[in-house]
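>>> This is the structure alone, sequence omitted:
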């Protein structure tokens, strides 16, 4: 049987057959992987098994201790049977990733990897050590990876430091049937294209799903666009308290390095055909950069600034475009979607004077707001603080769920946004401020049609603020 292999070609995939791709089927127990073995022994045994390539299975039910990171190579399937659990243990000290692809260290592409049936017990082993790549800290992580499939993943005890699943610099990613609970992000994506996240159940203190083209310097190893994706049949379960969102869209833009420029933690510059970032403490310190960063790898301190090399291909912007959300069920009373730039002591994603990036093509189809208000003021359905060309909300059920446009410091032009709501059901009794435009000079074109209103007392309003809103609507309160 021939395997299909995607050959890395500068930004695109080409397909060829590889008769040498492994076709063997192995049980990890043959290498000593066992519920009775120590975590150190199991780490070594599982690594030896997956080094063979092909399909590696763990069939015997039990809890398997794991004391270090296992590296997966191309053309490898790792499949865990029912009743199999991997439990992180600190037999040789804390460690970050349970599984990561081999090419992540050298930033060389791995392909055709399947992870199926992993039930992970974090067990309090929750650290960011950045031994593989600065900014990479998923319990399961892929970096420089094509044709990756993660199936039937379970993790119910995420800590405060590590994401459940993190994938950055990817093509053709499928995450299917996951249940993730805990304190940190469930599925966290950096730059990449063509992805699906399907059949997910989340109960996370931080973001359930993060599409972070730009991120804190510690949040992703590279920067760019997250594009051409589908997120469907996912649930954000209720919880007592929370930060974050069901889905975060994080954007950014930066400029060429210039002498005398002021920079702070996580600022990005282009220099010598590379991207560099300030990898400092998030203490609000503003540095004056006099010496151009030119080193080819790692981190170097110049003018008291710890400059880290991010990547060798240059882009001046990052964000999210062409993403569909379908069949989303929101039980948790928190803002569901946030499209924004970070602008705080941890990260100034937009550097003043940079070319403004525009997020594009966001479609929300059959999104159900299931929570009632539990706070003093209504919870936004969507918060938008970057330029966005168009957002469409169709066949969705909203309650007291405003869409709010805000401004971030350092940007003056937020462009024009078309906001279209088609076939939506408004399940609230009383007045609702449907849209708030808090951005001076911002133009929003609001259009609603085919709406269903469940209460005769419902009345929608719009707050234009210092911006401008044009309205074409069939909603009570907005109809002329």
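Good, I have the coordinates. Given the structure is predicted, the values throughout are model-derived calculations rather than measurements.
>>> okay, the closest residue to residue 237 other than its chain neighbours: pLDDT?
Excluding the flanking residues, the one nearest residue 237 by C-beta to C-beta, 6 or more residues apart in numbering is residue 203, at 4.1 Å. Yep, even glycine has a C-beta here, placed from its N, CA and C like the rest. Here the pLDDT value assigned to residue 203 is 97.
>>> Same check on residue 412?
Listed pLDDT for residue 412 reads 79.
>>> In contact with it: list those residues for me.
Residues near residue 412 by C-beta atoms under 8 Å, 6 or more residues apart in numbering: residue 441.
>>> now do the one 4 residues further on
By C-beta under 8 Å, 6+ apart, the residues touching residue 416 are 389, 442-445.
>>> and if you look at residue 168?
135-136, 142-143, 189-192, 220-222.
>>> What is the nearest of those residues to residue 91?
Taking C-beta to C-beta as the measure, residue 91 lies nearest residue 136 of the contacts of residue 168, at 22.8 Å.
>>> For the helix or strand residue 203 falls within, list every residue counted as buried.
Under the criterion of DSSP states H and E, residue 203 resides in strand 192-204. In terms of neighbour count (16 or more other C-beta atoms under 10 Å), strand 192-204 has its buried residues at 192-204.
>>> Tell me which two of the residues you listed sit farthest apart.
It's 193 and 203 that sit farthest apart of these, by C-beta to C-beta, at 28.6 Å.
>>> got a pLDDT number for residue 12?
Note on residue 12: pLDDT of 45.
>>> Sorry, slip of the keys, the one I care about is residue 88.
As predicted, residue 88 sits at a pLDDT of 98.
>>> Quick check: it touching residue 123?
Yes: using C-beta atoms under 8 Å, residue 88 makes contact with residue 123 at a distance of 4.9 Å.
>>> Could you check which of those two is surrounded by more residues?
residue 88 (24 against 16; other C-beta atoms under 10 Å).
>>> partner residues bridging that one?
Using DSSP bridges, the bridge partners assigned to residue 88 are residue 66.
>>> who's in contact with it?
By C-beta under 8 Å, 6+ apart, residue 88 lies in contact with 39, 66-67, 95, 98, 120-123, 125.
>>> The closest residue to residue 407 other than its chain neighbours: neighbour count?
Distances taken as C-beta to C-beta, 6+ apart place residue 439 nearest to residue 407, at 4.5 Å, with adjacent residues excluded. Residues lying near residue 439 (other C-beta under 10 Å) number 26.
>>> just for the stretch 201-350 of the chain, where's the confidence low?
Under the criterion pLDDT under 70, no range of the stretch 201-350 of the chain is flagged.
>>> how about stretch 206-218: buried residues?
By neighbour count with 16+ other C-beta under 10 Å, stretch 206-218 contains the buried residues 206-218.
>>> Using a markdown table, lay out those residues together with secondary structure.
As requested, the buried residues of stretch 206-218 are exported to a markdown table (DSSP: H, G, I helix; E, B strand; the rest coil):
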| residue | secondary structure |
| --- | --- |
| 206 | coil |
| 207 | coil |
| 208 | coil |
| 209 | strand |
| 210 | strand |
| 211 | strand |
| 212 | strand |
| 213 | coil |
| 214 | coil |
| 215 | coil |
| 216 | coil |
| 217 | coil |
| 218 | coil |
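>>> Return the closest of these with respect to residue 304.
Distance to residue 304, by C-beta to C-beta, is smallest for residue 217 among the buried residues of stretch 206-218, at 16.2 Å.
>>> Check the secondary structure at the residue lying closest to that closest one once chain neighbours are set aside for me.
Closest residue in space to residue 217, ignoring its immediate chain neighbours: residue 266 at 4.3 Å, by C-beta to C-beta, 6+ apart. Of the three states, residue 266 takes coil under three-state DSSP.
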